[in-house]
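Colleague: Next come a sequence and a model predicted from it.
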Amino acid sequence: MTKKLTDTERADALSTLPLWSPVQGRDAISRSIRFKDFNAAFGFMSRVALMAEKLDHHPEWSNVYNRVEIILSTHDAGGLSERDIALARFIDAAAASA
Ligand SMILES: C[C@H](O)[C@H](O)[C@H]1CNC2=NC(N)=NC(=O)C2=N1
């Protein structure tokens, strides 16, 4: 069972993820990403989806044309865990090379 991060672990991890913001009212982080067009956005989502399956850890997300809104939280733990941090790092790398 994945554990929630402690307050210190959470703060340390978030300081290394400047593009992510805490979600108000819940233990989760979010990032909004704008791509060149729908093709770039959906290509990114496909790459993240394959990794999410591999990690058995899935984002809450939505897409409108070239924008993807992502929320990460660990449902089994009821909050942010190191799995969210790992997925956030993968997402940042995938978005940077899109
Ligand atoms: C059964 C399956 O392993 C679990 O439901 C996984 C799937 N993907 C998941 N994704 C996220 N974000 N949080 C979870 O707790 C989670 N649990």
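Modeller: Received, thanks.
Colleague: in this structure, which ranges drop under the pLDDT threshold?
Modeller: The chain contains no residues with pLDDT under 70.
Colleague: then the lengthiest helix in it to PDB, C-alphas only?
Modeller: Determined from DSSP state H, the single longest helix within the chain is helix 38-55. What follows is helix 38-55 as a C-alpha-only set of coordinates in PDB (Å, rounded to 0.1, in the frame of the first residue of the first chain):
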ATOM      1  CA  PHE A  38      -4.600  18.800 -30.800                       C
ATOM      2  CA  ASN A  39      -2.200  16.300 -32.400                       C
ATOM      3  CA  ALA A  40       0.700  17.300 -30.000                       C
ATOM      4  CA  ALA A  41      -1.700  17.200 -27.000                       C
ATOM      5  CA  PHE A  42      -3.000  13.800 -27.900                       C
ATOM      6  CA  GLY A  43       0.400  12.400 -28.700                       C
ATOM      7  CA  PHE A  44       1.600  13.600 -25.200                       C
ATOM      8  CA  MET A  45      -1.500  12.000 -23.600                       C
ATOM      9  CA  SER A  46      -0.800   8.700 -25.400                       C
ATOM     10  CA  ARG A  47       2.800   8.600 -24.100                       C
ATOM     11  CA  VAL A  48       1.600   9.400 -20.500                       C
ATOM     12  CA  ALA A  49      -1.200   6.800 -20.800                       C
ATOM     13  CA  LEU A  50       1.200   4.000 -21.600                       C
ATOM     14  CA  MET A  51       3.500   5.000 -18.700                       C
ATOM     15  CA  ALA A  52       0.500   5.300 -16.400                       C
ATOM     16  CA  GLU A  53      -0.500   1.700 -17.200                       C
ATOM     17  CA  LYS A  54       3.100   0.500 -16.700                       C
ATOM     18  CA  LEU A  55       3.200   2.200 -13.300                       C
END
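Colleague: Mind giving me the packing neighbours of that helix?
Modeller: strand 60-64, strand 67-72, helix 82-96 (3 or more Cβ pairs under 8 Å, 6 or more residues apart in numbering; DSSP states H and E). C-beta: built from backbone N, CA, C; applies to glycine.
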